[in-house]
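Engineer: Got a predicted structure here, sequence first:
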Amino acid sequence: MIMTVVVIFLVDFSRTVWYTINIMKYDIAAKVAVDIGKEAILRRFLKMEPGSIQLMEELPEETVSLRRSDFPLHVVLKDGQEVIVLLEIQTVFNRDFILRLIDYTVRFMLKYHLKVIPLVLLLTPSSLATGAYADDLFTFNYHVVRFWEEESGDFLDEMQLYPFLPLMAGGKDTLEEAEIAIYENAEISMEKKGDLLTAMAIFAGLKDKELAVQLIKRRRDIMIQSAAYDIIKQEGIKEGIKEGEKRGLYDAISLGLELKFGTDGLALMEKVLKVESREKLEVIKEAIKIANKIEEVEKLI
């Protein structure tokens, strides 16, 4: 019975590491994709002709708890006009995000007195992302790119936007062509190739995990030269260590429950495996040593 618990956890452990690398690290892929493709993003989705683009480090914050915009860009157009583009990347779209976007927009307008253009790149489908918000007080319009509605074939001439191809319609069919184009391009550095392929693989994982795995296997030799790949790998290792420590606690609790309370004790493991906090697991482990009744342990779960 203990071995069954261990095997189940090992499966969950591997899923957790994958989740960490391919779900929780979309922010890294987003930063890479925006850094490489910001000019193409503005040109293709806002019909702008930027002369210069600068990421704004100083944000209009009034409190330390205020949340920050993803990528506030100061853009000088070729005709000399200055604008601020609030470029936001969202995996999941919800009403609270719209309200935060309104907050960001107003704060930038008040601080810089420039035209502010909110632009949302939405990675997964949502019916809420209409480009407009209205309630009893005001209306708010923003630009939104719904990648699933874009045809990937229309962007094969924009290598800067290749990381987003897997999210588009027909993305799976154009992925190999994009991958080869990056690999064979003699005009870009090996590090930039690695950044493009790494970001593309991470976003591919949103649509098809196996597709991302195969891409990593084929081009890992290039990806490992990417700073983004290294960051993701290190974060994955950190999470793996944390989850390994948690796995040890699950095993210790399982053994303790069986030795002290027999099969009745092991029946609690279904609940124990739902506990995420390592601190709480430590408490449960120690409580088993001094508990006289199984109910005393169960109250802690």
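Structural biologist: That came through, no problem.
Engineer: contacts and neighbour counts: CA atoms only from here.
Structural biologist: OK.
Engineer: after the longest helix seen in the chain, next one along is what?
Structural biologist: Assignment by DSSP state H gives helix 227-266 as the longest helix of the chain. Scanning forward in sequence from helix 227-266 by DSSP states H and E, the next helix or strand is helix 269-272.
Engineer: what pLDDT, on average, does that following helix get?
Structural biologist: Rounded to a whole number, the mean pLDDT of helix 269-272 is 92.
Engineer: just the CA coordinates of it, formatted as PDB?
Structural biologist: The C-alpha coordinates for helix 269-272 follow below in PDB (Å, rounded to 0.1, in the frame of the first residue of the first chain):
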ATOM      1  CA  MET A 269      -3.500   9.500   2.700                       C
ATOM      2  CA  GLU A 270      -6.100  10.500   0.100                       C
ATOM      3  CA  LYS A 271      -6.600  13.700   2.200                       C
ATOM      4  CA  VAL A 272      -3.000  14.100   3.000                       C
END
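Engineer: ok, residues contacting it?
Structural biologist: Contact partners of helix 269-272, identified using C-alpha atoms under 8 Å, 6 or more residues apart in numbering, comprise Val5, Tyr250, Ser254, Leu281, Ile301.
Engineer: For stretch 187-204, buried residues please.
Structural biologist: Going by neighbour count (16 or more other C-alpha atoms under 10 Å), the buried part of stretch 187-204 is 190-204.
Engineer: among those residues, which are in helices?
Structural biologist: Filtering the buried residues of stretch 187-204 for helices - DSSP H - leaves 190-204.
Engineer: now, among those residues, which is nearest to Thr139?
Structural biologist: Phe203 (32.2 Å; C-alpha to C-alpha).
Engineer: And that closest one, how far from Lys193?
Structural biologist: Counting by C-alpha to C-alpha, to the nearest Å, the gap from Phe203 to Lys193 is 16 Å.
Engineer: got it, and Glu179?
Structural biologist: 9 Å.
Engineer: Spit out the contact partners of Arg219.
Structural biologist: Residues near Arg219 by C-alpha under 8 Å, 6+ apart: Leu197.
Engineer: domains of this protein?
Structural biologist: 1-36+166-301, 46-149 (automatic domain parsing).
Engineer: now these in CSV, with distance to Met159?
Structural biologist: CSV is the format used below for these (distance: least, C-alpha to C-alpha, whole Å):
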stretch, distance to Met159
domain 1-36+166-301, 8
domain 46-149, 16
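Engineer: which of the ones you listed sits most buried?
Structural biologist: Comparing the domains of the chain by mean neighbour count (mean count of other C-alpha atoms under 10 Å), domain 1-36+166-301 ranks first with a mean of 17.
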